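*Asks:* model the following, please.
(4 chains)
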Protein chains: 2
Amino acid sequence: MDTATYAIGDLARQTGTKVELIRWYERDGTMLPPARTEGGHRAYTQAHLDRLAFIRHARELGFPLDDVRALLHLSDDPDRPCDEADAIARQHLGAVRSRIARLQALEAELARMVDACGHGKVGACRVIQVLADHSHEHCIHPGHGGTGL
Amino acid sequence: MDTATYAIGDLARQTGTKVELIRWYERDGTMLPPARTEGGHRAYTQAHLDRLAFIRHARELGFPLDDVRALLHLSDDPDRPCDEADAIARQHLGAVRSRIARLQALEAELARMVDACGHGKVGACRVIQVLADHSHEHCIHPGHGGTGL
DNA sequence: CGTAAGACCTGTAGTTGCTGTAGGTGCAAG
DNA sequence: CTTGCACCTACAGCAACTACAGGTCTTACG
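*Replies:* The predicted structure is shown next:
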């Protein structure tokens, strides 16, 4: 039988999530509210555990919670075509790839900066100079800041 | 003569920063409070403009504000050895490199997920299955979440 | 010189995804 | 039956902004 229930701490242990985070997901609508014991403690089922595992895995993969909720909603209805899930994943892949590209440009700039440091005084330090350099001739232009992740 | 002063909007335009962000940096202690006009408007000098450019550049490079403040503090004293600045930059470079590595692992996982999607029903969708997969056999373990950037 | 647009002011609340606290109650093992 | 941990609610705070609301100052035009 799997009518067993889990306390919030069990879910936390099994998914590597903090207890407060699980409660926060519930307030947030990402986790469904479980039944309660007489004393008011949350009593989760296997379905809750699965849902939380799904959420945490998607979050580890960098999906924003909005996307996670959309994916959860899709997965609740197994007969729907999965194009939407695919689209979300594809879009996320695109965001990850552009993030990598920008970080690599940044890595090059930082590496150049660190290489050029002559370990003398701050007044002659390339690290400080590059940061102070207003002209940005050598600089990447990372767009407007951050699409996800 | 460069006794000219700048209004907050001038700084915003010249550095591509939003006006509220400049005020926020001031409340925050990252920007120094400028003189005021009789009517109470902020009157910035060239030094303020330079400082803001420094801040924005460092932020674009992904340095957390704490690091930016440390770097600003160092750059205020040009006779100090620049090892500290170098250390901050090096540490940041390390963080960027580990971030890239993790994103590349993630990219591979996402690409695999998307490739495996058969465009059928959600019930058979690899995207959903991989996310629901609790076992994480194939999964990266990104440590505890995110050092900077 | 008057007025109206628009830039500026302060203060506060919201964003995302959590984390941590205070102050109290339930539950289970010894 | 007690002790101590797990649990409860509610709220405050983190980074680093962004976005109001509701008012005041400056400036340019007529």
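*Asks:* hey, let's count contacts and neighbours off CA atoms from now on
*Replies:* Noted.
*Asks:* quick check, A:Thr117 in contact with A:Ile128.
*Replies:* For the record, residue A:117 is Cys, not Thr. No: no contact is recorded between A:Cys117 and A:Ile128 when judged using C-alpha atoms under 8 Å, the distance being 9.2 Å.
*Asks:* neighbour count: these two, which is higher?
*Replies:* Under the criterion of other C-alpha atoms under 10 Å in any protein chain shown, the comparison of A:Cys117 against A:Ile128 puts A:Ile128 first, with 24 against 20.
*Asks:* tell me if I am right that the more buried one is in a helix.
*Replies:* Yes: A:Ile128: assigned to a helix according to DSSP: H, G, I helix; E, B strand; the rest coil.
*Asks:* for it, which non-adjacent residue is spatially closest?
*Replies:* Of all residues beyond its chain neighbours, the one nearest A:Ile128 is B:Ser75 (6.5 Å), with distances taken as C-alpha to C-alpha, 6 or more residues apart in numbering or on different chains.
*Asks:* need the strands for chain A, in chain order.
*Replies:* According to DSSP state E, chain A carries its strands in the segments A:35-36, A:42-43.
*Asks:* so is the last one next to DNA strand C?
*Replies:* No: residues of strand A:42-43 are not located near DNA strand C by C-alpha under 7 Å from any atom of the strand, the shortest gap being 9.1 Å.
*Asks:* I'd like the average pLDDT over that strand.
*Replies:* Model confidence over strand A:42-43, given as mean pLDDT, is 97.
*Asks:* could you do the first one as well?
*Replies:* Strand A:35-36 comes out with an average pLDDT of 96.
*Asks:* over to stretch A:56-72?
*Replies:* Computed over stretch A:56-72, the mean pLDDT rounds to 86.
*Asks:* as CSV, could you dump the C-alpha coordinates of it?
*Replies:* Output of stretch A:56-72 as CSV, limited to C-alpha atoms (Å, rounded to 0.1, in the frame of the first residue of the first chain):
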residue,chain,number,x,y,z
ARG,A,56,13.4,21.1,-7.9
HIS,A,57,14.8,19.4,-11.0
ALA,A,58,13.4,22.0,-13.3
ARG,A,59,14.7,24.8,-11.0
GLU,A,60,18.1,23.2,-11.0
LEU,A,61,18.0,23.3,-14.8
GLY,A,62,17.3,27.1,-14.4
PHE,A,63,13.7,27.2,-15.5
PRO,A,64,11.9,30.2,-13.9
LEU,A,65,9.0,29.2,-11.6
ASP,A,66,6.5,30.5,-14.2
ASP,A,67,7.9,28.0,-16.7
VAL,A,68,7.9,25.3,-14.1
ARG,A,69,4.2,26.0,-13.3
ALA,A,70,3.4,25.9,-17.0
LEU,A,71,5.2,22.5,-17.4
LEU,A,72,3.5,21.1,-14.4
